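>>> Show me how the following folds:
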Amino acid sequence: MTKYIYPVSSGVTDETSEDTNDCALRAYCNVTGVSFKDAQIRFAKQGRKYRKGTQYKALHTIYTNVGMQPTLMGFTRLCEYIQFVSNLKSTGSARTLKSMLADPKYQTGKYVFCTARHAMAIVNGKIIDTHNNKSSNRVYLVYTMPEVSIQ
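Okay, here's the model as predicted:
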């Protein structure tokens with residue numbers, strides 16, 4: 001039986017419920033305080049198509065432009081691609097979502113955890129997302145938001 005970790009809130013969402021595949025936008029909004037509409041514009045300028053997922057290269061550019069610090073974990077093909085587009089080096093093996101949330105390092109502050117096909121906001125050790133996440137999902141990339149909110 002798969003166990004799930006439930007979010008404490010859905011946080012910022014698309015008020016029109018028309019945009020889909022917008023997890024990277026929602027995570028961005030929930031850690032930066034930027035409105036969903038402004039995030040849509042910023043993501044579109046980096047090449048995100050409406051109702052389509054965000055490519056990792058664009059996601060990396062957007063997140064680092066506001067000062068988020070990336071940490072890459074794992075040795076999969078996805079990690080190799082991220083290393084190629086971002087010049088990051090993996091710091092070790094990918095970890096499960098459950099183990100990441102139990103880590104004292106992530107109990108305070110704002111982060112975006114990226115799995116193979118999803119991004120979610122973590123604020124003070126709690127998930128802010130629109131749906132439940134499998135506790136066994138592997139986290140490959142973590143973006144740490146600096147203490148000062150940038151808008």
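>>> Tell me where the model's unsure across this protein.
1-2, 148-151 (pLDDT under 70).
>>> so what's His60 up against?
Pro70, Ile82, Val85, Ser86 (Cβ atoms under 8 Å, 6 or more residues apart in numbering). From N, CA and C alone the C-beta is placed, and that goes for glycine too.
>>> which non-adjacent residue is nearest the third one?
In other words, Val85. With sequence-adjacent residues excluded and distances taken as Cβ to Cβ, 6 or more residues apart in numbering, Val85 is closest to Lys57, at 4.3 Å.
>>> how much space between Gly11 and Asn132?
Distance of Gly11 to Asn132, given as Cβ to Cβ, to the nearest Å: 14 Å.
>>> Looking at these two, which one has more neighbours?
Gly11 (19 against 13; other Cβ atoms under 10 Å).
>>> what residues are up against that one?
Arg26, Cys29, Asn30, Ala121, Ile128, Asp129, Thr130.
>>> Any chance of JSON lines for those, columns distance to Leu141?
Shown next, in JSON lines, are those (distance: Cβ to Cβ, whole Å):
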{"residue": "Arg26", "distance to Leu141": "16"}
{"residue": "Cys29", "distance to Leu141": "18"}
{"residue": "Asn30", "distance to Leu141": "16"}
{"residue": "Ala121", "distance to Leu141": "14"}
{"residue": "Ile128", "distance to Leu141": "17"}
{"residue": "Asp129", "distance to Leu141": "16"}
{"residue": "Thr130", "distance to Leu141": "20"}
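>>> Now list the buried members of those.
Taking 16 or more other Cβ atoms under 10 Å as the criterion, what is buried in these is Arg26, Cys29, Asn30, Ala121, Ile128, Asp129.
>>> OK, contacts around the second one?
Translated: Cys29. Gly11, Val12, Ser35, Phe36, Ala39.
>>> Got the phi and psi for the fourth one?
Comment: the main-chain dihedrals of Phe36 come out as phi -60, psi -40, following degrees, to the nearest 10.
>>> Surely it and Glu18 touch.
No: Phe36 is not in contact with Glu18 according to Cβ atoms under 8 Å; the separation is 11.2 Å.
>>> Compare these two (neighbour count), which wins?
A count of neighbours by other Cβ under 10 Å puts Phe36 above the other of Phe36 and Glu18, at 19 against 9.
>>> who are the neighbours in contact with Thr91?
Contacts of Thr91 by Cβ under 8 Å, 6+ apart are Thr71, Leu72, Met73.
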